[in-house]
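Visitor: Quick one, fold the following:
(one chain, ligands or ions: 3)
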Amino acid sequence: MEKRPVVLVVMDGMGLAETHLGNAVQQAHKPTLDYLYASCPHTRLRAHGLAVGLPTDGDMGNSEVGHNAIGCGQIYSQGAKLVNENIDSGEIFHSKAWKELVAFCKDGHKMHFIGLLSDGNVHSHINHLKALIKQAKAEGIHEVRVHALLDGRDVPDTSALTYVDDIENFMGELNDDTFHACIASGGGRMQITMDRYEADWSMVEKGWRIHVQGEGRKFASATEAIETYRKELGVIDQDLPGFVVAKDGEPVGTIDDGDSVILFNFRGDRAQEISRAFDGDASFDKFDRVKVPNVKFAGMLQYDADLQIPKMYLTEPPKIKYTLTEELCKHGIREYAISETQKYGHVTYFWNGNRSEKFDEDLETYVEIKSDVVPFEQRPWMKSAEITDELCAAIESGKYDFLRTNYPNGDMVGHTGSLTSTIIGVEAVDLGLQRVMESVKKVNGVLLITADHGNADEMYQAPKEGQPLKAKTSHTLNRVPFIVYNAKCKLKTDDNLGLSNIAATVADFLGIEPNEHWNESLLK
Ligand SMILES: O=C(O)[C@@H](CO)OP(=O)(O)O
Ligand SMILES: [Mn+2]
Ligand SMILES: [Mn+2]
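Guide: Ligands and ions are numbered 1, 2, ... in the order given. Model prediction:
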């Protein structure tokens with residue numbers, strides 16, 4: 001095959017749904033995508049469940065597992081599954097980190113659990129938290145405090161009380177003369193603690209003050225906080241401000257010297273910054289931690305093995321080998337990756353098997369466009385134009401053989417639950433694609449277009465008879481497209497094909513031999 005530049009575009013969160021109702025992708029004015037479907041080879045891929053290493057086919061896809069699969073051409077058991085197995089076998093409680101943390105806080109100190117309180121299974125699962133609390137009691141811990149990040153992004157948008165009630169009932173049954181567990185603080189996941197890719201460290205600072213120092217608006221319970229904020233602000237769970245649970249004016253669970261802290265999220269992007277705040281020495285300068293308690297801190301997983309974030313962890317992360325980048329570097333292929341902050345790590349860190357470091361400084365170029373810190377329903381175009389400017393220039397420069405990008409709009413705007421804004425987000429992507437196509441055509445390259453999972457394709461929850469339609473903020477279980485522009489080819493259409501079949505396809509178009517560990521190419 002003659003050597004031509006290959007460009008891969010991931011349209012984040014733009015899956016394929018049958019229904020038109022609430023389908024922002026279908027409802028958008030998208031002449032470019034319409035043209036591509038009408039005239040170019042295309043197929044459908046699995047982007048959820050077993051096809052991306054999740055426990056069951058009931059698990060929706062997400063960016064981490066999606067970009068891992070695209071970037072390594074294989075299916076690895078992912079965090080959600082590895083933690084399940086580690087807990088089921090009881091091995092987690094023999095880990096060095098668990099033993100050290102238990103021993104550290106046993107006498108008169110507290111064990112804290114910080115994490116996303118839901119069963120979304122994208123970043124965490126409430127069952128994992130329950131198993132850890134139960135074992136903490138069994139091993140003689142007296143005090144447990146939960147710092148509950150409220151979801152509404154991987155689960156229905158106002159479901160926080162379901163999970164708060166669930167965990168409080170669970171802890172209530174364990175509580176007795178020797179053991180006391182309760183919620184100590186919390187807040188919406190898009191307000192505190194769970195920032196990613198350094199988009200907005202002030203979120204993490206807010207979380208630190210609330211969880212560690214007990215500084216924030218005080219309430220008698222998590223339920224009171226949620227109900228009060230909902231009444232006052234009318235916002236959905238992910239946007240609820242931080243709160244501290246207090247009794248007689250005193251926080252019930254600050255994080256103090258001698259305590260142990262477990263971050264029970266398994267997914268890495270939104271877990272790294274708070275981990276760095278706990279693990280960081282005196283040189284930590286992302287915000288003023290005021291006082292750093294002498295605690296032992298562990299993550300559910302290690303979120304970046306090269307950078308050792310965090311130092312202690314309960315579950316070994318998937319060891320993703322034979323990545324596309326590694327293989328392309330071996331062949332001297334010059335790579336270019338670009339996105340805006342919110343998805344920058346998706347096309348670098350997740351893409352390369354959860355590694356932030358480059359394989360080859362000379363061959364790889366990474367570009368980050370700074371994301372705005374605004375509610376994305378107010379700026380649904382996000383940085384699509386700026387990404388496109390840079391990408392088109394890079395394509396036309398002739399300096400790169402393989403270029404990749406992620407347009408975040410379908411996903412980031414989709415998560416807000418606004419159908420109108422998400423339609424505009426999809427239209428912004430469509431415009432970007434049109435410009436990328438022109439550049440690809442100019443250099444006689446090949447353009448591959450796909451998505452990492454659905455989101456914008458279902459903006460309403462399944463309708464219930466007699467009830468008004470409710471916004472849906474989470475990802476979907478739908479297939480995603482794979483389209484080839486400017487290359488004559490035939491694509492396989494088998495039902496079992498998924499994101500892990502893309503790496504070998506990219507290699508085919510670049511004219512190099514796919515790695516033997518990769519799943520088959522999509523080319524017939
Ligand atoms: O925002 C996120 O953290 C997830 C949803 O929990 O979305 P994505 O997997 O698309 O990054
Ligand atoms: Mn995504
Ligand atoms: Mn998403």
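
Visitor: check contacts around D256.
Guide: Residues in contact with D256 (C-beta atoms under 8 Å, 6 or more residues apart in numbering) are 109-110, 293, 295. Placement of C-beta: from N, CA and C, glycine included.

Visitor: and which of the residues you listed is nearest to ligand 2?
Guide: Taking C-beta to the ion as the measure, V295 is the one of those closest to ligand 2, at 32.8 Å.

Visitor: measure the closest one to E198 for me?
Guide: When C-beta to C-beta, to the nearest Å is applied, the distance between V295 and E198 equals 23 Å.

Visitor: Equivalent analysis for L82, please.
Guide: For L82, the distance to E198 - C-beta to C-beta - is 26 Å.

Visitor: if we can go back for a sec, out of the contacts of D256, who has the most neighbours?
Guide: With neighbours taken as other C-beta atoms under 10 Å, the top of the contacts of D256 is K110, carrying 23 neighbours.

Visitor: Any idea what that residue is bridged to?
Guide: When bridges are assigned using DSSP bridges, the partners listed for K110 are E143.

Visitor: ok now do it, which residues does it touch?
Guide: The contact partners of K110, taken as C-beta under 8 Å, 6+ apart, are 143-145, 253, 255-256, 259-260.

Visitor: The same query, at a cut-off of 6 Å, please.
Guide: K110 is in contact with 143, 145, 259, counting by C-beta atoms under 6 Å, 6 or more residues apart in numbering.

Visitor: swap in E327?
Guide: Applying C-beta under 6 Å, 6+ apart to E327 gives the contacts N515.

Visitor: Starting from R355, give me the distance back to it.
Guide: Remark: distance between E327 and R355 (C-beta to C-beta) = 14 Å.

Visitor: Point out the residues in the stretch 151-300 of the chain that sit beside ligand 1.
Guide: By the rule C-beta under 6 Å from any ligand atom, the part of the stretch 151-300 of the chain lying against ligand 1 is 153-154, 270.

Visitor: looking at those residues, which has the most residues close by?
Guide: Across those, neighbour numbers were computed from other C-beta under 10 Å; R153 holds the maximum, 26 neighbours.

Visitor: Check that residue and give its pLDDT.
Guide: Residue-level confidence at R153 comes out at 98, pLDDT.

Visitor: For the closest residue to it other than its chain neighbours, the count of nearby residues, please.
Guide: Taking C-beta to C-beta, 6 or more residues apart in numbering, and ignoring the residues beside it in sequence, R153 has Q238 as its nearest neighbour in space, at 4.6 Å. Q238 has 25 neighbouring residues, counting by other C-beta under 10 Å.

Visitor: tell me the contacts of Q238?
Guide: Contacts for Q238 were tallied using C-beta under 6 Å, 6+ apart; they are 152-153, 188-190.

Visitor: for those residues, which one is nearest ligand 2?
Guide: Within those, distances to ligand 2 taken as C-beta to the ion reach their minimum at R153, with 11.8 Å.

Visitor: my read is that closest one is in a helix, agree?
Guide: No - according to DSSP: H, G, I helix; E, B strand; the rest coil, the state of R153 is coil, so it is not within a helix.

Visitor: ok, now how distant is it from Q213?
Guide: Distance of R153 to Q213, given as C-beta to C-beta: 26 Å.

Visitor: Where do the helices of the stretch 401-524 of the chain begin and end?
Guide: Along the stretch 401-524 of the chain, the stretches classed as helices by DSSP state H, counting those that start in this stretch are 409-412, 419-442, 502-510.
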